[in-house]
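*Asks:* show me how the following folds:
(one chain, ligands or ions: 1)
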Amino acid sequence: MSNAELINKDPFEAARTAADYIAAETGVETHDVALVLGSGWGAAADLIGSTTATLTAAEVPGFSAPAVEGHVGTIRSVLTTEGKRALVLGARTHYYEGKGVRAVVHGVRTAAAAGCKTLVVTNGCGGLNEAWSPGTPVLISDHINLTATSPLEGATFVDLTDLYSSRIRGLAREVDPTLDEGVYAQFTGPHYETPAEIQYAKRIGADLVGMSTALEAIAARHAGMEVFGISLVTNLAAGISPVPLSHQEVIEAGEAASARISRLLADIIAKL
Ligand code: 8IG
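*Replies:* Residues are numbered from 1 along each chain as shown. Below is the predicted model of the structure:
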């Protein structure tokens, strides 16, 4: 069965199949925390502990290789310094790939089926606050889902109050009291916003704009996970900055901030 067929037959059964595959291949029956690595966050996994198994995404049922330069294509099992088992998902499916919402949240559902009680989700994004120069990490306090879709189907009513755990945000601020927080708006992409759309986002309360995270966080909450989100502002959003956006800029800002944000993320995970 193809990935699409597997996920579309029954997304939860597909997640169970993937989780069973991961348990068998990594030798780790249950993972505790899942970490989704977005643009700029690729190096973070190396600091949280020792990698005990590395799978290529394409070999795991329902997963596919990343579509974007700067994204990692592996799924790793990491033993943290505190003795926790982290499942590091370096292969995110974005909504703009056109594979559907079920494919977008397959990684999160797989992590839940693998036993993860916490989801740490990271991304690279545009910032609406001029004080956030490229390379600034910002805690996600809430989101605005502008994709006009949901990973949930049918009469599945899920409370999203405190979706981005204030408890874990507090732990993050113990690690770095200078961390700001903001509301993340998920656009569908793959184009960046127009300056007018950024003004619209600002007026409805967004501080950060990107193409991921919100749909994954909803699926995670539905699966009963505690969610922590952190963004790396890799560029000022369109019209906020005097210069046009480029994917190259995004990658460079990520590389420049890599060591600091990797340390930060590892220290936060150590406190979970
Ligand atoms: I990295 O400015 C990154 N991803 N939508 N807008 C949107 N996504 C992004 C941006 C941005 N920067």
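
*Asks:* name the residue of the protein that lies nearest to the ligand.
*Replies:* Nearest residue of the chain to the ligand (CB to the nearest ligand atom) works out as G126 at 2.3 Å. C-beta here means a position set from N, CA and C on the backbone, and glycine is covered the same way.

*Asks:* burial measure for that residue, as a count.
*Replies:* Residue neighbour count, defined by other CB atoms under 10 Å, stands at 28 for G126.

*Asks:* is it fair to say it lies in a helix?
*Replies:* No - G126 is assigned strand when assessed by DSSP: H, G, I helix; E, B strand; the rest coil, not a helix.

*Asks:* contacting residues around it?
*Replies:* With contacts defined as CB atoms under 8 Å, 6 or more residues apart in numbering, the neighbours of G126 are 192-193, 198, 208-210, 233-238, 240, 245.

*Asks:* so what touches the lengthiest helix in the chain?
*Replies:* In the chain, taking DSSP state H as the definition, the longest helix is helix 247-271. By CB under 8 Å, 6+ apart, the residues outside helix 247-271 that reach it are 33, 35, 39-44, 46-48, 69-70, 80-82, 84, 86, 120, 122, 124, 134-137, 168, 171-172, 174-176, 228, 230, 232-235.

*Asks:* quick one: mean pLDDT over it.
*Replies:* For helix 247-271, the mean per-residue pLDDT is 86.

*Asks:* distance from it to the middle of the chain?
*Replies:* Centre-to-centre, helix 247-271 and its host chain are 13 Å apart (CA atoms, centre = their mean, to the nearest Å).

*Asks:* rewinding a little: which among the contacts of G126 end up buried?
*Replies:* The neighbour-count test (16 or more other CB atoms under 10 Å) marks 192-193, 198, 208-210, 233-238, 240, 245 as buried among these.
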